[in-house]
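Novice: I'd like to go over a predicted model; first the sequence, then the structure.
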Amino acid sequence: MNFHKIVKIITGILGLLGIVFLFLVILPGDEEIKAAASNGDFSRVTPLINLAQAILGIAVVSTLIFSLMGLFSDKAKLKKALFSVVGLLVVLGVAYATSEGVETPMKDGEMLSTMGSRLVGTGIRMFYFLAIIAIGSMLLASVKKLIK
């Protein structure tokens, strides 16, 4: 058997399992599931959630594997990807270095730690830096195109 047939068989089995688990959730009705959930019994929905998590895991792992296989097969693509990752890490470092952390009270009465506040600031600054870089690169490309 080739790889394509194996993938089709696995996909079919996962699809059938999903249909069976869906009917196990739908057949009892909303009220029975809500009553069981209020008592801590999630046995009706757990198989469907576990199947969804397994499918998500399979999708993420296969995407990573095939992406890395594509990168390692071509040295030029690998070099470009490494430059992009290093550039992203430099932007992250600059955003982290320019962020400050201040202990902050939250609405629910808890306190946001200094490190948590600094990480939030880092995320916001990184968003702004990347937005400025993207807009700048689009403007530069437009100007180059107009000049030519």
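Specialist: Yes, it's here.
Novice: Need the residues that contact the helix or strand containing residue 9.
Specialist: Per DSSP states H and E, residue 9 falls inside helix 3-26. The contact list for helix 3-26, computed with CB atoms under 8 Å, 6 or more residues apart in numbering, reads 33, 44-45, 47-48, 51, 54-55. Heads up, the C-betas are built off the backbone N, CA and C, glycines and all.
Novice: Going through those, which ones are buried?
Specialist: The neighbour-count test (16 or more other CB atoms under 10 Å) marks 33, 44, 47-48, 51 as buried among the contacts of helix 3-26.
Novice: In helices only, show me those residues.
Specialist: 33, 47-48, 51 (DSSP state H).
Novice: Now render those as TSV, adding distance to residue 77.
Specialist: Listed next are those as TSV, based on distance: CB to CB, whole Å:
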residue	distance to residue 77
33	48
47	40
48	39
51	34
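Novice: next one: phi and psi at residue 104?
Specialist: phi -130, psi 130 (degrees, to the nearest 10).
Novice: For it, give me its contacts.
Specialist: Here residue 104 is in contact with 111-112, 117 (criterion: CB under 8 Å, 6+ apart).
Novice: how about 10 Å then?
Specialist: 110-114, 116-117, 120 (CB atoms under 10 Å, 6 or more residues apart in numbering).
Novice: now, which of those sits nearest residue 67?
Specialist: For these, the residue nearest residue 67 by CB to CB is residue 120; the value is 29.7 Å.
Novice: and stretch 111-131, average pLDDT?
Specialist: Mean pLDDT, computed over stretch 111-131, is 94.
Novice: actually stretch 32-45, not the one I wrote
Specialist: Mean predicted confidence for stretch 32-45 is 84.
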